[in-house]
Structure formats: C-alpha cells, structure tokens
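K.L.:
Give the three-dimensional model of this entry:
(4 chains)
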Number of protein chains: 2
Amino acid sequence: MSETRSRGAGIRSTAEDQRVRIVARAVDVFAVSGYKATPVAEVAAAAKVSPAYVFRLFEGKLGLFVAAVDDCYAQVAAALVAAGGEEGTPAARLELMTQAYIELIRDRSLIALQVHAQSACDVPEIQDAVRRGLATVVRAVAGASGAGDDSVQRFIAYGQLCHLVVQAGLAEVDTAWARVVDHGIRHD
Amino acid sequence: MSETRSRGAGIRSTAEDQRVRIVARAVDVFAVSGYKATPVAEVAAAAKVSPAYVFRLFEGKLGLFVAAVDDCYAQVAAALVAAGGEEGTPAARLELMTQAYIELIRDRSLIALQVHAQSACDVPEIQDAVRRGLATVVRAVAGASGAGDDSVQRFIAYGQLCHLVVQAGLAEVDTAWARVVDHGIRHD
DNA sequence: CGCAATTGTGACTGTCCAGTCACACACAAC
DNA sequence: GTTGTGTGTGACTGGACAGTCACAATTGCG
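P.N.:
Numbers count the residues shown, from 1 in each chain, chains lettered A, B, ... in the order given. Next comes the predicted model:
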C-alpha cells in the first residue's frame, strides 16, 4: 500500500499529510476571526505544530488562508451534492440541498469562513479563491439539481441569508424583526 | 438658530461637526479593507486630521468603527424608505426598494461596510451594531412597504446576494455561473 | 490683561505578528 | 560510521499600529 519510492519525483511522506491536517484546522480557526485578525500562530497551535513549520508548508499567511478557503468551498459543494440525492424533481432536490445547508450551520465554520473570505476580497488572491469556490458551488448545485437559473440564484441568495443569521447570532435575538429574517432557518 | 449657550451642558462647538465628518470618512475608508485591516491613521488622513485627535473623539478604534456602522445602516434605511414612495401596492414598493438597493452598489461603500461588519461579528460591540442596524432596516422596509414577512425576508436575502456580487466583483466575471448569480443585479 | 476651556498635534511607547534562519532530529543508503 | 534528504523548531528581527501624553494654538470671558 504505502509505496516507498526509491527515487524520482515527490517522496510522499507525512509532509503532505501535515498540509491537509493544517488546512483542516485552519478552516476552523480562521472561521472565528477571519484573515487579518487571526495570527498564523493560532492555526499552528491548533494543529500542534510550530508557526515556523506552517510558513514552510505554505506560501505565507495568504497561501494558508487561500488553501483553507478552497477546502471550505469544496466541502460545501460536496455536502450539497450528497444531499441532493439521486432522483426527484429539481425543486425537491433543491429543497433537500437547502435543508442540508441549514444543517451546515451547526458547524458554523464553513459558513463563517465564507463570510470572512467575502469580506477579505480586497486581496486579489482571496477574491480569486471566492470566485473559484462560488463557481464550484453554483455548478455543483445547478448540475446535481437540474434546477433553472432563477431557482439556483434563489438558493444562493438564501444561502447568503444564512450567513447573516449565523454571524449576527439571530437565534439568540427574540424579537419580531429577527424572526422575520430568521424564519425557516431556525436552528438550535 | 445657532445657540451659543452661556453655560450648562455641551458647548456645541465644531467638535461635534468633526465627529460627523470623521464618521462619514470612516464609512468610506473602513469599507475598503474592514475593521482589523484598516489603521485608524488612514481614516484620520482621509478626514485631514491627526490620528491622535480621532482617538480623542472616539472610544478607541472600536468606537469609531461602531459609529461608522451605525451611520451606514441609517443611510441604507433612509435610502430605502425614500425609494419606497408614498403609495402603491406593497409588492410594487418592495420592487422600488430593491432597485434602490441595487443602485446603492454604485457607491460600494455602504454595501462593503455591511459585509465587513458582519464579518467582524466576533467582537460583541460590532455584533450589537449589526443587530441594531438590521433591526432598523427590517423595520423600515416592513413599515414603509407594508409587505408581509416572507416578502421582507426575500428582500433581505436578495440584499445579501448583492453583497456577494459586489465583493466577488462578479460584474467582471464573464462566465455562465457568474451570470446565474448576477442576474438582475447587473451594474456598470 | 489673565484665566479657563476646547481644539488639535508631534512624538513617543508597548505590543503583536509575519516571516526568516540556523540548527536539531530521524532515518535512509552506502 | 557518514552523508544526504526530509521533517520540525527555537530564537530572532523588522515593521506596523493602537493608544497616550505633554504640549501648542485658538477662542471666549471677566
């Protein structure tokens, strides 16, 4: 199974494993305070690794963040496709995906990181990552549901509404206006 | 008109003027890179004032940012109410407001600052500001349009979609998926 | 005038943090 | 052994930036 190639290209050691481990932690850690406000040292600590090592594995803090954002969108797209199921009308499949997205709120990280990425779009590399991620998600949803453009747009719009609900913590705000925004997105 | 109170409470000098001038600039400047990534010195420079003076007028950088966010939401609510007009069906008024919101994209600042505020909601004072602002907007829209809860929620959702379109710069992305997200929100 | 209050700033400090670099450890192959 | 290759870190540096403070400059008032 584990090939120990005698010579040639990459050595397939634990380095690549570390990379994915660190990215996984980076998603969670960056999700709390975003790009600029999160020190690399915090990600390193969460991954039980020294900051210096993180800088060796990634091209600066920016490279790390972009990797985390890419991973985040990939996870979201995968979750949506999985939730869409194999059959049913486009509308029904979209509904399943919508429920799946609301389910994602429980984790918070995937939602929050998207918000922070969108906020940091003044950095060109991050804007590119957001565009890539968005393309992935839109194509995944459209393809896996078979729904029309308007329905897909609507899906994305309500996704964005979820972001707002999560960030503002509307679940803890018990007022009429909050319930208007919140409606149908209620979560524990 | 301009009362020069001989004694008593506040002295109503130019200090309050400076405050509002600085807040106005703060909205524009914070809109570019957000809370953490924007030095107070940049706001001060935009307002042609020393950083030290800004710290005298506001309770730290946080106080300045919160003031900017409050002002931002107030402007948005005012613009929407103004656009809603005096008569017409709730649906028609909501449509006018939607067009007005899309019109706001031209400025970018009011949109971008909302995104940054939502992103910085891990700071309690900022989350409070977002909740206040959101309450203002939701109540303004619901009150001035007379539309039902579902329609208002839909309005907010499409507002959030505008935020995404602006931050990701989708107007410059000429692909099928971008047009799906973008549709009806096209701007110069 | 002198006195007080208010606007406004230059210069400084302390802290935090991205990024680097020389070095240590493990484990091959020879 | 030693030589080489890859994993991993401690210790440091340089810069950026929030916040402070002592000190002007201006204005109003008795």
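
K.L.:
so where do the helices sit in chain A?
P.N.:
For chain A, the helices defined by DSSP state H occupy A:14-37, A:40-46, A:51-57, A:60-84, A:90-104, A:109-119, A:124-145, A:149-168, A:176-182.

K.L.:
give me every residue that touches A:Glu125.
P.N.:
Residues near A:Glu125 by Cβ atoms under 8 Å, 6 or more residues apart in numbering or on different chains: A:Leu62, A:Val66. All C-beta spots, glycine's among them, are computed from the backbone N, C-alpha and C.

K.L.:
So which bits of chain A are right by DNA strand C?
P.N.:
A:Thr4, A:Ser6, A:Thr38, A:Pro39, A:Val40, A:Ala41, A:Pro51, A:Ala52, A:Phe55, A:Gly60, A:Lys61, A:Leu62 (Cβ under 7 Å from any atom of the strand).

K.L.:
swap the cut-off to 6 Å and go again
P.N.:
Counting by Cβ under 6 Å from any atom of the strand, the residues of chain A close to DNA strand C are A:Pro39, A:Val40, A:Ala41, A:Pro51, A:Ala52, A:Phe55, A:Gly60, A:Lys61.

K.L.:
Tabulate those (JSON lines), appending pLDDT.
P.N.:
What follows is the residues of chain A next to DNA strand C, written out as JSON lines (pLDDT from 0 to 100):
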{"residue": "A:Pro39", "pLDDT": "98"}
{"residue": "A:Val40", "pLDDT": "98"}
{"residue": "A:Ala41", "pLDDT": "98"}
{"residue": "A:Pro51", "pLDDT": "98"}
{"residue": "A:Ala52", "pLDDT": "98"}
{"residue": "A:Phe55", "pLDDT": "98"}
{"residue": "A:Gly60", "pLDDT": "97"}
{"residue": "A:Lys61", "pLDDT": "98"}
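
K.L.:
Tell me how far the closest residue to A:Ile111 other than its chain neighbours lies from A:Leu113.
P.N.:
Leaving aside its sequence neighbours, A:Ile111 sits nearest to A:Val166 (Cβ to Cβ, 6 or more residues apart in numbering or on different chains; 4.9 Å). As judged by Cβ to Cβ, to the nearest Å, A:Val166 and A:Leu113 stand 11 Å apart.

K.L.:
A:His163 too?
P.N.:
As judged by Cβ to Cβ, A:His163 and A:Leu113 stand 10 Å apart.

K.L.:
residues in contact with the residue nearest to the spatial centre of chain A?
P.N.:
In chain A, the centroid-proximal residue (Cα atoms, centre = their mean) is A:Cys72; its distance is 2.7 Å. Contacts for A:Cys72 (Cβ under 8 Å, 6+ apart) come out as A:Val27, A:Ser109, A:Leu110, A:Leu113, A:Gln114, A:Ala117, A:Gly133.

K.L.:
now swap in A:Ile185 and tell me
P.N.:
Contacts here follow Cβ under 8 Å, 6+ apart; on that basis A:Ile185 touches A:Ile102, A:Ile105, A:Leu161, A:Cys162, A:Val165.

K.L.:
Could you check how far it is from A:Ala24?
P.N.:
Counting by Cβ to Cβ, the gap from A:Ile185 to A:Ala24 is 26 Å.
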